[in-house]
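>>> all I have is the shape, not the residue letters:
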């Protein structure tokens, strides 16, 4: 967790007598952090509000007539504030520096560079720090600081316009994370209405039993903030769920409409959470996300062979006939599955559950290379157990493949014998003896006759098959 302003650096700048200018929107904690730095250093510091400064009264001094004891004549002397008169001040902080009159800024230029005003030294003065709002006339009633004035500051720090996690977590530990998350999701125009300081005020009021609507505009979805307070910050809940992932609990969690509405955006944007939680999203939500959220669609395509719900959703999308979405899915398949892309596309199009689909592809192959790739895809499908009935249907495809292939191509079918054996064993497992299959299938023996030319393949076949041939 990082602070918006690095206080270690501020301490370093102070120790080394660097003048610092801090720029940031209203309510981001500029003034508070400077006071903390000065307090830690136990400096004799003077705070000024820029809009009320007067160069004579506050720095140079107010003239008054006095008697010069050496001559007896009446002369003008300057009466300074007591801290400057006694030369006690070690640090000066000018808040709202760009709301000061021009004459004040010019006086401070000498003070910052030489630690003097009109040549009179401030012997103990070490630094002059200042805070300003951005130079935006449409938003802030401020004066532009010219380059020479800005150049008197050694260090220029710009503070982001958002709540400081460190400050809020210390002051409001029970609700800080929820409040910051809620603020971060607000539209930009709402953030301008609710500065980090106003959010701080609201949390102070909430802790003493006040109504947030008295501080926060009604248009800013206060009910969502109150829900976050009572249920706990969603990000923290997701972190806990991720650390102790339980499939049953995760599925139950995302079935709750309120949980899903609050958590889904966090899950989709976080790589680890997307992988862990997306499989537990309800099917109707996954269907919607597949069409609207590219990150979610990509994860579904990546894990399509591991998560049945992802497969079901993507198969549905292919059936819809949305050409643009199909092209997007196919590109993702190419990216995530590489050499297996055709296999995955068949899975999504449903052709892998239809023997005719495989045979149609076989008949459309143009060369041996395409047939070998087709066989490799088929073999992976069989082994993965995601295929159509791996008995008669699978046998039909393999026999047709052998029939259409030359001896040289057959030799390239790595694992051909093992694939045939697997198909037959599956057939046998459902009560069909291998010998009866061989006798019943008139294509069996003629096709396998071709395998006699390949001793290595032939020897790897089941003994029953060898005997039949």
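Arrived safely. No experiment lies behind these values; they were computed from the predicted model shown.
>>> in contact with the closest residue to residue 283 other than its chain neighbours, which residues?
Counting by CB to CB, 6 or more residues apart in numbering, residue 283 lies nearest to residue 309, which is 6.0 Å off, once chain neighbours are set aside. C-beta here means a position set from N, CA and C on the backbone, and glycine is covered the same way. When the contact criterion is CB atoms under 8 Å, 6 or more residues apart in numbering, the partners of residue 309 are 279, 281, 283, 286.
>>> quick one: average confidence on the helix or strand that residue 309 is a member of?
Remark: residue 309 resides in helix 308-320, with elements defined by DSSP states H and E. When pLDDT is averaged along helix 308-320, the result is 88.
>>> could you list the low-confidence segments of the stretch 301-450 of the chain?
Within the stretch 301-450 of the chain, the stretches falling below the threshold (pLDDT under 70) are 339, 343, 350-357, 382-393, 427-446.
>>> ok, 80 please
338-366, 377, 380-396, 423-450 (pLDDT under 80).
>>> for it, just list every one of the helices.
For the stretch 301-450 of the chain, the helices defined by DSSP state H, counting those that start in this stretch occupy 308-320, 323-337, 341-349, 355-364, 368-384, 392-404, 407-411, 416-429, 434-440, 444-449.
>>> now render these as a markdown table, adding distance to residue 201.
Putting those into a markdown table (distance: least, CB to CB, whole Å) gives the following:
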| stretch | distance to residue 201 |
| --- | --- |
| helix 308-320 | 46 |
| helix 323-337 | 47 |
| helix 341-349 | 54 |
| helix 355-364 | 66 |
| helix 368-384 | 60 |
| helix 392-404 | 71 |
| helix 407-411 | 79 |
| helix 416-429 | 71 |
| helix 434-440 | 81 |
| helix 444-449 | 83 |
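>>> domain assignment for the protein?
Taking automatic domain parsing as the criterion, the chain consists of the domains 7-159, 165-232, 282-349, 354-468.
>>> can you pick the most crowded of the contacts of residue 309?
Of all the contacts of residue 309, the highest neighbour tally under other CB atoms under 10 Å goes to residue 281, namely 26 neighbours.
>>> ok, for that one, nearest residue in space, not its chain neighbours?
For residue 281, the nearest residue in space outside its immediate sequence neighbours is residue 254; the separation is 5.4 Å by CB to CB, 6+ apart.
>>> mind listing residues that contact whatever helix or strand the one you found lives in?
Assignment of secondary structure by DSSP H and E places residue 254 within helix 247-255. Residues outside helix 247-255 that contact it (CB under 8 Å, 6+ apart) are 241, 259, 260, 263, 276, 277, 280, 281, 282, 285.
>>> which other residues reach whichever strand or helix holds the fifth one?
With secondary structure defined by DSSP H and E, residue 276 is part of helix 271-277. Residues lying outside helix 271-277 but in contact with it, judged by CB under 8 Å, 6+ apart, are 238, 241-242, 245, 250, 254, 263, 266-268, 295-296, 299, 303.
>>> so after that helix, what's the next helix or strand?
Where DSSP H and E defines the elements, the next helix or strand beyond helix 271-277 is helix 283-292.
>>> residues in contact with that next one: which ones?
With contact meaning CB under 8 Å, 6+ apart, helix 283-292 is reached by 254, 260, 264, 268, 278, 281, 296-297, 300, 309-310, 312-314, 316-317, 325.
>>> what residues does stretch 449-461 touch?
Against stretch 449-461 from outside (CB under 8 Å, 6+ apart): 402-403, 407, 410-411, 413, 416-418, 420-421, 448, 466, 469.
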